[in-house]
Every structure is written in structure tokens, then in C-alpha cells.
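>>> Sequence first, predicted coordinates after that:
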Amino acid sequence: MILLNKIPALYETEPIRCEDKIIHQHYHLSNHHGFYWLIAELDEKERLAFGYACLNDREMAEWGYIDINELEDVGAVLNKDWKPCSFREAIKIVQGDY
């Protein structure tokens, strides 16, 4: 189980380059390969995250703010087996999925 209080709050990792951030959560669309979100920071109360989003186009993937409610509304699933890792490791893991 992922402990939300272990995920840094929004802006907490701002001094860290995006490529060096730790990814604490991974969401994906189970029936659409290549759609994923990697969460580095989270405001649990507002259900707003900062992370990396790829919508089946690696060239257009980008860092930004992610509304967790919207993710769930479109059917994104939280990977409950995800273990926090560096962004570089996370990309290798998720891109190996498709």
C-alpha cells in the first residue's frame, strides 16, 4: 500500500531537477498502452499532483499539474504495486510496458 504522507507536498521538490525527482505513484489506462502518469508531488486534500504525463506520444509527454479526480474519471488506475524510484528508472519501467 502506498502511504500518501510519504509523497512530497506540491512544490516541496521544486529545487530538484525534474529528471532527478522520485516518482511515488504511477497511474495508467489499463486498456490503452502508452497512457501513463508519474506522480512526484501530491496535495492529498486538493487531489492535485505534479508529475509527468504521457498520452501515447513520447515526443509530446511533459511535466505539469495533474488532477487526480480527472484521472480517475477517465478510468486511470493507480498501480498499487509501484515502488518509489527515480524518474529515469520509472521511464524505463513504463516504457517497457508498450
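Great, that's in hand. Numbering: from 1, shown residues only.
>>> Assign residue 13 to one of the three secondary structure states.
Classification of residue 13 into helix, strand or coil gives coil, according to DSSP: H, G, I helix; E, B strand; the rest coil.
>>> does it really touch residue 23, like I thought?
No. With contact defined as C-beta atoms under 8 Å, residue 13 does not count as touching residue 23 (10.8 Å). C-betas here are computed from N, CA, C, even on glycine.
>>> what sits in contact with each of these two?
Residues touching both residue 13 and residue 23 (C-beta atoms under 8 Å, 6 or more residues apart in numbering): residue 40.
>>> what mean pLDDT would you report for stretch 24-39?
Confidence over stretch 24-39 (mean pLDDT, whole number) is 91.
>>> Can you get me the start-to-end distance on that stretch?
The distance separating the two terminal residues of stretch 24-39, taken as C-alpha to C-alpha, to the nearest Å, comes to 6 Å.
>>> ok, back up a step: between residue 13 and residue 23, which one's more packed in?
Here residue 13 and residue 23 are set side by side on neighbour count (other C-beta atoms under 10 Å), and the busier one is residue 23, at 24 against 17.
>>> Hmm, that one is touching residue 83, no?
No. Assessed by C-beta under 8 Å, residue 23 is found out of contact with residue 83, at 9.6 Å.
>>> The longest helix along the chain - contacts with which helices or strands?
Residue-count comparison of every helix in the chain, with assignments taken from DSSP state H, identifies helix 87-95 as the longest. The criterion is 3 or more C-beta pairs under 8 Å, 6 or more residues apart in numbering; DSSP states H and E, and the helices and strands that helix 87-95 contacts are strand 22-23, strand 25-28, strand 35-43.
>>> Could you list the buried residues of the lowest-mean-pLDDT helix or strand in the chain?
Least confident helix or strand, the chain: helix 87-95 with a mean of 93, by mean pLDDT, DSSP states H and E. Residues of helix 87-95 classed as buried by neighbour count (16 or more other C-beta atoms under 10 Å): 87, 90-91, 93-94.
>>> quick one: furthest residue from the center of this protein?
Note on the chain: the largest C-alpha distance from the chain mean falls to residue 15, namely 18.3 Å (C-alpha atoms, centre = their mean).
>>> Which positions in stretch 46-63 come out as buried?
Judged by neighbour count (16+ other C-beta under 10 Å), stretch 46-63 contains these buried residues: 48-54, 61.
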